[in-house]
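Participant: build me a model:
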Amino acid sequence: MSNEKPFYPKFSYDAHARTCAEDDFLGQTRRTVQGLPVSDDQIQMITTAIKSGLKMRPDDVLLELACGNGALSHFIFDSCQEYLGVDVSEYLISIAKKNFEKPPHYKYLMQGGAEYMRQESQPERFSKALCYAGFQFFSADQAAEILLILFNKFKNVQTFFIGNLPDKERAGEFYKTRQPSIEELLDCSTAIGIWRTQDEFTRLAELAGWKVSFSIMPTEFHASHYRYDALLSR
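Facilitator: Sure thing, here's the model as predicted:
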């Protein structure tokens, strides 16, 4: 019997984004279906779900982790007083700063999520938090640390919307032509990131003190058949 681990491709969003045109905002973050950018209606569904889930108010100060190039978050600027988006990709943050940043109230920062949260000197200024289609790309240790720091240090953050999480129980709806290994499903450095069941995500969040509720986008949403959203609250 072979002891070789099954091969599967790894993926870097920073490297991928650099292969796209500078104004191909949806392509850079792979917000696409079969290689084509999703429609404006799909983006509207996402922003509506975020604003509704977080119950955004005009005086909110929003923190977004794994914000990418800002092509999604800038649609939320009109629903909050201030915003900070953080991402580890130097290239994606450069795109966000060039095209979407509106200082001093709506800004982007290049830094890893857990690293930023450890160093933030004014965590009490934030009232809501967001991570859309990015949480699965944190390692298991990073994910646990982020949830714990947000709960213990960012005490005025009452709700945390984590969107577009890949559901391990429905992985077969996505991988129709092959069966991925357990190693692949648990690897944050693939194009999909870590797959978790809702029970697994609940245990992860509750260990940090959060309460969790789940929702699934309407059937007309392109990824509703294998993804879910999580809303964390105190």
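Participant: I'd say residue 206 and residue 212 touch.
Facilitator: Yes. Here residue 206 lies in contact with residue 212, judged by C-beta atoms under 8 Å, at a distance of 7.0 Å. In short, each C-beta sits where N, CA and C put it, glycine included.
Participant: between these two, who's got more neighbours?
Facilitator: The residue with more neighbours, out of residue 206 and residue 212, is residue 212; 17 against 13, by other C-beta atoms under 10 Å.
Participant: and the helices in the protein?
Facilitator: Counting by DSSP state H, the chain has helices at residues 13-17, 25-28, 40-54, 90-99, 113-119, 140-152, 171-174, 182-185, 198-207.
Participant: and the ones you listed, which is most packed in?
Facilitator: Among the helices of the chain, the stretch with the highest mean neighbour count (mean count of other C-beta atoms under 10 Å) is helix 25-28, at a mean of 21.
Participant: counting by contacts, list what that one packs against.
Facilitator: Contact partners of helix 25-28 among helices and strands, from 3 or more C-beta pairs under 8 Å, 6 or more residues apart in numbering; DSSP states H and E: helix 13-17, helix 90-99.
Participant: pLDDT below threshold where in this protein?
Facilitator: Applying pLDDT under 70 to the chain flags the ranges 1-6.
Participant: swap in 90 and give it another go.
Facilitator: For the chain, the stretches with pLDDT under 90 are 1-7, 9, 33-37, 176-178.
Participant: how about the contacts made by residue 63?
Facilitator: 83-84, 86, 126, 128-130, 154, 157 (C-beta atoms under 8 Å, 6 or more residues apart in numbering).
Participant: among the helices of the chain, which is nearest residue 228?
Facilitator: Taking C-beta to C-beta, helix 198-207 is the member of the helices of the chain nearest to residue 228, at 6.5 Å.
Participant: the inter-axis angle of the closest one versus helix 140-152?
Facilitator: 50 degrees (axes from the mean of the first three to the mean of the last three C-alpha atoms, to 10 degrees).
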